[in-house]
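Engineer: just the structure for this:
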Amino acid sequence: MKSFRITVLGAGFGALACVRELRQRDPGVDITLVSPRAELHYLPSIIWIPSGLRTREQLVVPLAPFFERMRVRHVAAEVTTLSGDGRTVRTTAGDVGNDALVIATGGRFIKKLPGIEHAITPCEGIAAAEQIRDRLRALQGGTIAVGFAANPQEQQAVRGGPMFEFLFGIDTQLRREGRRDRFRLVFFNPSREPGNRLGAKAVQGLLARMARRGIDTHLGHKLVRFEADRVVTEGGEIPADLILFMPGMTGNAWFDQTALPRSPGGMVRADAQCRIEGWQHAYVVGDAGSFPGPDWMPKQAHMAELHARAAAQNLLDGLAGQPQTAGFEAELACIIDSIDGGTLVLRTPRRNLVLPTSRVFHWAKRAFERRYLRQYR
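Structural biologist: Purely as a prediction, here's the structure:
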């Protein structure tokens, strides 16, 4: 019986979930994973780096033991392009052939706004969170401006949740350090309803939470540029000593060197079974893809794992010549943490639940981190 060769691109939530799902469903398939490093960087917890609650060492997990258990061959390389409808992956370490392909390389932040080099983009990784930590330690006072924006061509290509967490976490941290009265915190966003993918009730709750904490807002004004000491919008300027900004997301730069079908926002276009449109035995999961569904469908780890489950089943069914019918339901699930508490937000096509801020949810987020990482350590 033929052992099919499957190539997974990436080493984040979607890629690793796909490996788990494939191995669980078929112990015999040959799996190769291509990523620059055999490491998982657990980015949901970088919100705790500025306060010292987490360190780099706690959030970088070596994947060699996991790959050995899953019988995965790791190729340490960057992807450069694809050929033959994905049957050959060209990398900086040579070509990798396959019978089926999964793209799970995440997204890329759009850094075109003039002066964006003056802002820190937190979700670029652990180093960005460490930079925030160090800048906060050095500041004796001043204004901290925190904001995010979407991809104008694909509004759901945004990751706003962590920015609320950095905002509330910094507020809590400064209060605990007895320094909050020396700082002005300002939240800015081009929309008058920032975070509306969470649902109207969640947006109202977040804005009310900012008001209670003495956080100013600058909403509904298009961003013009950043300068070293200010955020400039069409509605005015925000003087700032530290700027944290999360731009909208688009596809990876290497996509441009391929014939992959692209969405208006630059992601890989997929159907409801996570199949890449027009390509055989090729799938996409997580932030790299553009999927059919509601306009509030999130770009988050939980959604990537739901994609991975469907993609793995359809991939194996497709290779076996069986109908590919596994799908996924859009589901937003997150805890917006503030170190001293958290707000649980759930959204599906049938319901939208927002639970009041509670210390319990902060500890639930930490418990999830511990349980999640245990499977890779």
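Engineer: which residue, other than its chain neighbours, is closest to Ile238?
Structural biologist: Val231 (4.2 Å; C-beta to C-beta, 6 or more residues apart in numbering). To be clear about C-beta, it is placed using only N, CA and C from the backbone, and glycine gets the same treatment.
Engineer: how about Ala364?
Structural biologist: In this structure, Ala364 finds its nearest non-sequential neighbour in Ile335, 6.4 Å apart by C-beta to C-beta, 6+ apart.
Engineer: what strand or helix carries Trp296?
Structural biologist: Assessed by DSSP states H and E, Trp296 sits outside every helix and strand.
Engineer: scratch that, Val89 is what I was asking about
Structural biologist: Judged by DSSP H and E, Val89 forms part of strand 88-91.
Engineer: who does the next helix or strand after that strand touch, helix- and strand-wise?
Structural biologist: Downstream of strand 88-91, the first helix or strand assigned by DSSP H and E is strand 94-97. Counting contacts by 3 or more C-beta pairs under 8 Å, 6 or more residues apart in numbering; DSSP states H and E, strand 94-97 is packed against strand 5-9, strand 88-91.
Engineer: partners of strand 94-97, with directions?
Structural biologist: Sheet pairing here is set by DSSP bridges, and for strand 94-97 it gives strand 88-91 (antiparallel).
Engineer: mean confidence score for the partner strand?
Structural biologist: Averaged over strand 88-91, pLDDT sits at 98.
Engineer: chain center to it: distance?
Structural biologist: 25 Å (C-alpha atoms, centre = their mean, to the nearest Å).
Engineer: could you export that strand as PDB, CA atoms only?
Structural biologist: Only the C-alpha atoms of strand 88-91 are listed here, as PDB (Å, rounded to 0.1, in the frame of the first residue of the first chain):
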ATOM      1  CA  THR A  88       7.000  20.700  -5.400                       C
ATOM      2  CA  VAL A  89       7.800  23.200  -2.600                       C
ATOM      3  CA  ARG A  90      10.900  25.200  -3.400                       C
ATOM      4  CA  THR A  91      12.900  26.200  -0.300                       C
END
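Engineer: got a list of contacts for it?
Structural biologist: 7, 9, 34, 75, 77-83, 95-98, 101 (C-beta atoms under 8 Å, 6 or more residues apart in numbering).
Engineer: make a PyMOL selection of whichever of those residues turn out to be buried.
Structural biologist: Entered in PyMOL, the line below selects the buried ones among the contacts of strand 88-91, by 16 or more other C-beta atoms under 10 Å:
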select buried, resi 7+9+34+75+77+79+82+96+98+101
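Engineer: what is the nearest of the contacts of strand 88-91 to Lys299?
Structural biologist: Proximity of the contacts of strand 88-91 to Lys299 (C-beta to C-beta) peaks at Leu9, which lies at 17.5 Å.
Engineer: and that closest one, what is it in contact with?
Structural biologist: 15, 33-35, 79, 89, 101-105.
Engineer: which two in the residues you listed are spaced the farthest apart?
Structural biologist: Ser35 and Leu101 (14.2 Å).
Engineer: just the helices in the chain please.
Structural biologist: Using DSSP state H, the helices of the chain run over 13-25, 56-59, 64-70, 126-138, 161-176, 200-212, 301-319, 359-374.
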